[in-house]
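J.: based on what follows, work out the 3D shape:
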Amino acid sequence: MRVGREQVRKRQGFTLIELIGTISIIVILAGILAVSFSGVLGDSSGKRASTDMVRIQQMLEDYKGTFGEYPKEMTVAGLSSMEDILFNALAGRLAPNGEVGNFKILIDRNAMEFGSDEFPIVGETPAVLLNAIVDPWGNPYRYRFDPDDEDWENFNYVLFSAGPDGKYSEVTLAGKKNQSDSKNLDNIYAQ
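T.: Numbers count the residues shown, from 1 in each chain. Here you go, the predicted structure:
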């Protein structure tokens with residue numbers, strides 16, 4: 001039995017409808033993967049911030065072991081913020097009494113990110129540096145400790161990341177988390 005040419009049609013390619021359907025399925029799957037992956041990235045940044053703060057807490061405990069107290073709010077020429085004080089204290093430049101010198105360096109430069117590449121050089125004439133330890137979103141970790149203030153009721157420090165939006169309200173005068181402000185909803189606090 002012979003089959004005619006018209007009865008046996010060999011398919012030479014895809015129809016336009018098949019191509020559009022395939023491309024649509026690929027686009028939908030790519031969209032689902034993109035949404036899933038962005039959630040994973042956001043979650044990993046939060047975990048990194050928490051890990052960074054654990055490292056900072058370990059450095060602060062080493063600092064306290066060396067000097068007997070944590071870096072605190074003070075007036076030191078050239079330093080403009082508590083984040084600068086924290087950096088200089090952990091970089092071996094600042095004692096709790098405000099003395100500038102060459103002290104034990106506690107920062108592991110390979111484990112943290114910083115606002116700039118300015119670091120003290122061992123043996124260099126002591127100078128304070130405007131630098132900060134930054135979170136995964138590029139904002140300085142916020143550090144507060146002011147035991148000399150009569151309103152400060154916290155026996156410890158407050159350490160936190162302002163989170164993905166970078167917005168925050170200061171801790172209360174008593175040294176407590178300011179959780180009543182909507183800017184602080186995505187903040188990540190050290191335990």
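
J.: how distant is the one helix or strand in the chain whose mean pLDDT sits lowest from the center of its chain?
T.: Ranking every helix and strand in the chain by mean pLDDT, DSSP states H and E puts strand 188-189 at the bottom, with a mean of 81. Put simply, strand 188-189 sits 10 Å off its chain's centre (C-alpha atoms, centre = their mean, to the nearest Å).

J.: what lines up beside it in the sheet?
T.: Using DSSP bridges, the strands paired with strand 188-189 are strand 158-161 (antiparallel).

J.: hang on, the earlier thing: and the contacts of the least confident helix or strand of the chain?
T.: Strand 188-189 is contacted from outside by Gly46, Ala49, Ser50, Met53, Asp135, Val158, Leu159, Phe160, Ser161, Gly163, Lys177, using C-beta atoms under 8 Å, 6 or more residues apart in numbering. All C-beta atoms are positioned from the backbone trio N, CA, C, and that covers glycine.

J.: hang on, the third one in a strand?
T.: Read that as Ser50. No: read with DSSP: H, G, I helix; E, B strand; the rest coil, Ser50 is helix and lies in no strand.

J.: find the residue closest to Lys183 in space, skipping its chain neighbours.
T.: Distances taken as C-beta to C-beta, 6 or more residues apart in numbering place Lys167 nearest to Lys183, at 4.2 Å, with adjacent residues excluded.

J.: ok, Phe145 next?
T.: Tyr157 (3.8 Å).

J.: shaky segments in this protein?
T.: Counting by pLDDT under 70, the ranges of the chain that qualify are 1-11, 36-43, 123.
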